[in-house]
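> only geometry, no sequence info:
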């Protein structure tokens, strides 16, 4: 297991997994607990990449100390953060970035990454970079050309990492790339095609944490009772680097770059809605505040209202999903199901790939995912 | 279709159905819309019973005028409210009650009801009486003995009505009894046994409206992500007759008389919780206020909180479900599936019978119910 | 009394006042009820101005019919909406505008307005135009020069109206201008100076409705207990023309153009906060949804949280204040207190002028305002 | 300073004060900060009483260790918890109680307390016992007779403590008794009369923490705008000993035993309301969950709604007030203002004595209290 982006999520993941190994924590926040044959305790972090000058060259242990003071497992001293690719991904953030592409062409950078990965041989590569401003490619040829042309304006870090993952997978006979951020990878046919040809499994896009999956389940709840949703407002505010990044307009837009709306897919009609990350408020830290208002029509014309508020820790929610995705990635490679796997994406991702597939109620998706993973459905 | 209890729910049901027939309303609030072969427009109200002195002998039209001023269909002038059974069901409420049992034995009252029903020949009898204080019977013999003994202290109105429904079903070859209130009927083996022997279908118990089904779906949402629920508080306050009735302690207890907790069944452990109807506040009317607080543990020990508030119209929510149940009751009779039907109860009822069956996530229950009714599942 | 801007607020005001005269409504929503010598029933609407092509030339009665169907007083047929000044105030809104400045210079337009006003002789002119993008003048000379130069890019409708009001006040010996929108008038020394010299009373700026006054009182509540506020997030979303206007970035900024923050003035330090109008959602109509989250430190380091949600009718809240301001304006003119009056502004305005004066807790401001108006304080 | 009841509140108070002395904490949560001449650092805890067998004889340091693990000041090792009076105050709680009255008559117990107090000579005695079920006396004679008769059924611990405080004050020439719990002391003319005759100052009753003062300020906010409140629902649930005690019906009633409603006093009419402690949920601990719903009528008949939720630490909120009350008590003794002092009670108490005095908006009360204490008002 290799981490791309040693930020809050990557650090929570690393700490949580190591603490579980030490017996300090239960399996809370991990959907499949320890039900899979691949155990949580089997997860081994073999590498980490970042582009923050203050992190490169340090151990994950030292990086993690920026976020917490206690309970940091000593085992994290053995993993050193290497220099990755940024391509403007930290633009406008108060962080000094340096990347391989500052010293070489993108093609050379990809080759260097593949060489490094071939030494540590991760089964699964997890992408938890900062939210990027991006444009999908649509077909494989355009993507390959952009790499060949060293087109730094066209590509983002995630796109280059995913490309490198495909080359790496080909060489080692199979690997998985988990894209937990909004950049479209599993929803970009360019990458899915590339993955199929190169023995890569892609899970993506955008880990289904925060208010969206809850909203999805509540909308499903209303849809099943045929209550007509008049309007939906959902606000989010937080104080972590991700919310800071979203104050950058270009990036914020990438959050909305979804093939279609969860609202329409679950309700069957496009109820008027305002759903987007709203602001940055530093003292909230990683625990964001959400507020949601839903107004709907019930039988005989009655109008009801729901208001949902929450204080939700952003990074642990995603890190808990990654513990499953790391293990499901390995299972998929073993099954040789290359390309992308909707059964997994539909539960774990806000924007489940491939591009032509819809959002479905998570509770249904959960049962389907269990069956895909060889587990018994829980209720069905 | 026959209504037992011409209160707010029964009146919303009657008005809504007639307005749909007139084309004034869509199918909002009816889970199965008009997807069944049995159409909403086919529902015909052939009788109505109540024990409020001010309602008996009046037309449903005149009764309904107490609740609304506008949009009352003229067709409701044709149904006259007859005298039913009360057995203390309006005790402590500011309503003067009179029942058949004031003039005759319970056995005679049952016979009288059956005779009346044989004239109007309803397929489905819907029980929407006021919440009662009750004790289940457990076996058929005890129930029959209580009727024979004219034991007015032991029996409640709903229990006598359900008994009468069984005798009626036997005589006409099949009928359905929908128990939308908390009294255990579908969860009382006495009634289920009786139903099987007498060609009666029972749906019950306690229509799944208000905060409980939403709570259930939210708990399922958390359970699927293996988030550990620390505590749940849920408050309800309203201003309709049902909330007034619940200020009576005996009755309130009947709300808690469930075979086991929805919390435990959905989470798999009994998270500390406080869930009960809380108070009566007249100006809120039929639109209750709910407040819910859930605290849970996510990955790496992080603690999150959800707060859910709502203004929800009580009666239309239940009346919308009754539109389905009336039609599903007829389908069940046609299929000759006598006794009680878990596939239907699991979606529509707070306390789905039979007694040995658990609560499951409603979204799953919805799909199973569709399949039972011969419809395609929506997402599965 | 004359209305500038016959939109939702102006229409609610007109309807409410006339309905009170007819005895159809109590004094709810009017802070001073009917305690002043100047009675609510004495308010007479003598003129109305707008720049919407669909409103100009129609009666207020006909305009108001766009907003409501029932309870529209016939007396509103007597007031015809005249053409006012727009100066881009409807830019980017789906409304076709025309103004006097399309046919003549601003100076001529001002003269025309003054002439018209001299015929209907209002005591008080109320400005409830759409939120504008503006720059304050700072000194009188710059303002006069902009009028003389016919500088349409520099001036906004409100600024021209306030200028005209001063000329009118001079001619008739005294008048009041109530600025209920965010454009700085009472906080612009240019206008205050002009007002003093011309017998004009200015009340302003930005009527204190919605979440802000409530936030102010809650912050005062915390300040008095010396609870340390860590952060404040406040969201607003609505569906009326004002929220639509605020989707225009320039205008939205004008909402933030305040001499200093209510947060700092009430707490004594600048707690991190995110407070701004957030979005537009048409089906919410005039009844906006607000969500607020406040986190603070109590004794011994304990951290508490408050979450406040509301559904609040925007226009009636402001219209109720205008009923007082119209009467207080007349009182101020009678007292010859020309310029601007902090005692009034501190209670009724979000941004109380003059510019050097702070926000104070509204409950205190209320008592001071009562004393200014010759009424007994309620609790002090 | 002497503490009666070394529970959560008493312990938070003791720890907080000592930590401030050590410079570990700011003055957050203390309304008057360090503005009084009597400094926070001057507060000295000279005694502590309890009736829990597990606390009597231990040091406050050891008792406090039951509540927290860290930051416990060593100085608390010097104060030993002595045996007080219980009179059923721990009835139905899972605590084994023993009191002086188990070994002697109440009269002897009072004498023993006075003797002990004369040795440690506290200026101020703070009562933070568990909520009691009680009946006020009304006149001094009845109270004295109950003591003389050793009437253990008639008296509560707080009533006996307050009686002892009066005898003590007489002997030492002046002292203050702060009653922070709901038992009526400052609102019982029996005690006020006794206090006046014996050089005792009483502050009371029931420290104004939690949702009530916030509700009061919000109702004042609405009252000032003449918004008509249709209904108010307020729920509270917590997991500390006080909430556990309130599951005892008798005690819960004492929370409602107020001379009249805050609702009526602030609004001027008795809006329908449901305001009472609602339940006990152990995992919430000292941080209670509150939910409030207010519906009101604004101008032109518009209906608005507010929903307020909170997570509020109960004990620190009260402990912070006690830091002021301890100092104000000393000031009052110095000023020889014996009896009870409404100016202080009106801000700090839910039920401000004397009995004939009303609740007023806290923001007003705050200013009046400052003036009484010789401080400048903050805004007035």
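Right, received. Where do you want to start? Not measured: the values here are computed from a predicted model.
> Could you check how far residue A:120 is from chain D?
Between residue A:120 and chain D the computed distance is 41 Å (C-beta to the nearest C-beta, to the nearest Å). From N, CA and C alone the C-beta is placed, and that goes for glycine too.
> Please identify the residue most distant from the middle of chain A.
Distance from the centre of chain A peaks at residue A:300, with 42.5 Å (C-alpha atoms, centre = their mean).
> Show me the shaky parts of chain A.
Residue ranges of chain A with pLDDT under 70: A:250-260.
> The stretch 251-380 of chain A against chain B: which residues are in contact?
Within the stretch 251-380 of chain A, the positions adjacent to chain B are A:287, A:297-313, A:316-317, A:319-321, A:323, A:360-364, A:366-368, A:378-380 by C-beta under 8 Å from any C-beta of the partner chain.
> If we use 6 Å, what do you get?
A:297-300, A:302, A:304-313, A:316-317, A:319-320, A:360-361, A:363-364, A:366, A:379-380 (C-beta under 6 Å from any C-beta of the partner chain).
> So which of the residues you listed are in helices?
A:316-317, A:319-320, A:363-364, A:366 (DSSP state H).
> Based on its surroundings, how many neighbours for residue A:336?
10 (other C-beta atoms under 10 Å in any protein chain shown).
> any idea how far whichever residue of the stretch 51-200 of chain A sits closest to chain D is from residue D:286?
As assessed by C-beta to the nearest C-beta, chain D sits closest to residue A:70 within the stretch 51-200 of chain A, at 12.3 Å. According to C-beta to C-beta, to the nearest Å, residue A:70 stands 23 Å off from residue D:286.
> more neighbours, the two?
residue D:286 (21 against 4).
> how close does the residue nearest to the more buried one when sequence neighbours are not counted sit to residue B:305?
Spatial nearest neighbour of residue D:286, chain neighbours left out: residue D:240 (4.6 Å); criterion: C-beta to C-beta, 6 or more residues apart in numbering or on different chains. Distance of residue D:240 to residue B:305, computed by C-beta to C-beta: 18 Å.
> check contacts around the closest residue to residue A:84 other than its chain neighbours.
The shortest distance from residue A:84 to any non-neighbouring residue, by C-beta to C-beta, 6+ apart, is to residue A:49 (3.5 Å). With contact taken as C-beta atoms under 6 Å, 6 or more residues apart in numbering or on different chains, residue A:49 is in contact with A:4, A:82, A:84.
> What are the phi and psi values at residue A:49?
Main-chain torsions, residue A:49, degrees, to the nearest 10: phi -130, psi 150.
> just residue A:232 next, same as before
Dihedral angles for residue A:232 - degrees, to the nearest 10 - are phi -130, psi 130.
> Make sure residue A:294 is indeed in a strand.
Yes: the assignment for residue A:294 by DSSP: H, G, I helix; E, B strand; the rest coil puts it in a strand.
> Look up how far residue A:235 lies from it.
Noted for residue A:294: a distance of 13 Å to residue A:235, by C-beta to C-beta.
> same deal with residue A:245?
Residue A:245 is 18 Å from residue A:235, by C-beta to C-beta.
> For beta bridges, what are the partners of the residue nearest to residue A:84?
Beta-bridge partners for residue A:49, by DSSP bridges, are residue A:4, residue A:82.
> Quick check: it vs chain C, distance?
32 Å.
> got a list of what residue A:276 touches?
Contacts of residue A:276 (C-beta under 6 Å, 6+ apart): none.
> How about the one 4 residues further on?
Contacts for residue A:280 (C-beta under 6 Å, 6+ apart) come out as A:243-244, A:247.
> again, only using 8 Å
When contacts are counted by C-beta atoms under 8 Å, 6 or more residues apart in numbering or on different chains, residue A:280 touches A:237-239, A:243-244, A:246-247, C:274.
> Residue A:112 too?
A:100, A:104.
> after the host helix or strand of it comes which helix or strand?
Assessed by DSSP states H and E, residue A:112 sits inside helix A:106-120. Moving toward the C-terminus from helix A:106-120, the next helix or strand (DSSP H and E) is strand A:124-127.
> Mind giving me the packing neighbours of that next one?
Strand A:124-127 sits against strand A:2-4, helix A:157-172, strand A:175-179, helix A:314-335, with contacts defined as 3 or more C-beta pairs under 8 Å, 6 or more residues apart in numbering or on different chains; DSSP states H and E.
> Could you quantify the relative orientation of the very next helix or strand once past that strand and helix A:106-120 as an angle?
Under the assignment DSSP H and E, the closest C-terminal helix or strand after strand A:124-127 is helix A:140-148. Per axes from the mean of the first three to the mean of the last three C-alpha atoms, to 10 degrees, the angle that helix A:140-148 makes with helix A:106-120 is 100 degrees.
> about what we covered before: which ones, among the ones in helices among the residues of the stretch 251-380 of chain A next to chain B, also lie beside chain D?
Within these, nothing lies near chain D by C-beta under 8 Å from any C-beta.
> isn't residue A:127 right up against residue A:182?
No: judged on C-beta atoms under 8 Å, residue A:127 makes no contact with residue A:182 at a distance of 11.0 Å.
> measure residue A:51 to chain C for me?
28 Å.
> How about residue A:40?
32 Å.
> Now the helix holding residue A:112: buried residues?
With burial defined by 16 or more other C-beta atoms under 10 Å in any protein chain shown, the residues of helix A:106-120 counted as buried are A:106, A:109-110, A:112-114, A:117.
> before we move on, the earlier item: top of the ones in helices among the residues of the stretch 251-380 of chain A next to chain B by neighbour count?
Ranking these using other C-beta under 10 Å puts residue A:319 first, with 31 neighbours.
> can you tell me how far residue A:267 sits from chain C?
To chain C, residue A:267 is 14 Å away according to C-beta to the nearest C-beta.
> quick one on the thing from earlier: spell out which two among the buried residues of helix A:106-120 are the most distant pair, please.
The span of the buried residues of helix A:106-120, defined through C-beta to C-beta, is set by A:106 and A:117 at 16.2 Å.
> so residue A:301 touches residue B:20, yeah?
No: the pair residue A:301 / residue B:20 is not scored as a contact, 10.9 Å apart, by C-beta under 8 Å.
> How is residue A:351 assigned, secondary-structure-wise?
With three-state DSSP as the basis, the three-state label of residue A:351 is coil.
> scratch that, residue A:55 is what I was asking about
Going by three-state DSSP: residue A:55 is coil.
> As a check, name the ranges of all helices in the stretch 151-300 of chain A.
Counting by DSSP state H, counting those that start in this stretch, the stretch 151-300 of chain A has helices at residues A:157-172, A:189-198, A:211-224, A:241-246, A:249-256, A:262-267.
> residues of the longest one that come out buried?
Read that as helix A:157-172. A:157-170.
> hmm, who's touching it?
Against helix A:157-172 from outside (C-beta under 8 Å, 6+ apart): A:4, A:51, A:84-87, A:89, A:99, A:101, A:106, A:109-110, A:113-114, A:117-118, A:121, A:125, A:127, A:129, A:132, A:134, A:137, A:143, A:147, A:175, A:177, A:179, A:181, A:183, A:185, A:191, A:194-195, A:197-200, A:202, A:338.
> starting at the chain centroid, how far to the helix holding residue A:112?
22 Å (C-alpha atoms, centre = their mean, to the nearest Å).
> ok, now stretch A:188-206?
Stretch A:188-206 has its C-alpha centroid displaced from the chain centroid by 14 Å (C-alpha atoms, centre = their mean).
> what about that stretch, start to end distance?
13 Å (C-alpha to C-alpha, to the nearest Å).
> which parts of it are buried?
Buried residues in stretch A:188-206 (16+ other C-beta under 10 Å): A:188-196, A:198-206.
> same question, stretch A:345-360
Under the neighbour-count criterion of 16+ other C-beta under 10 Å, stretch A:345-360 has A:345-355, A:357, A:359-360 buried.
> Which of these sits closest to chain D?
residue A:350 (26.9 Å).
> The closest one: what's it in contact with?
Per C-beta under 8 Å, 6+ apart, neighbours of residue A:350: A:182, A:205-208, A:212-213, A:258, A:262.
> Got the phi and psi for the residue of the stretch 1-150 of chain A found nearest chain B?
Scanning the stretch 1-150 of chain A for the residue nearest chain B gives residue A:29, at 2.9 Å (criterion: C-beta to the nearest C-beta). Backbone geometry at residue A:29, expressed as degrees, to the nearest 10, gives phi 90, psi 0.
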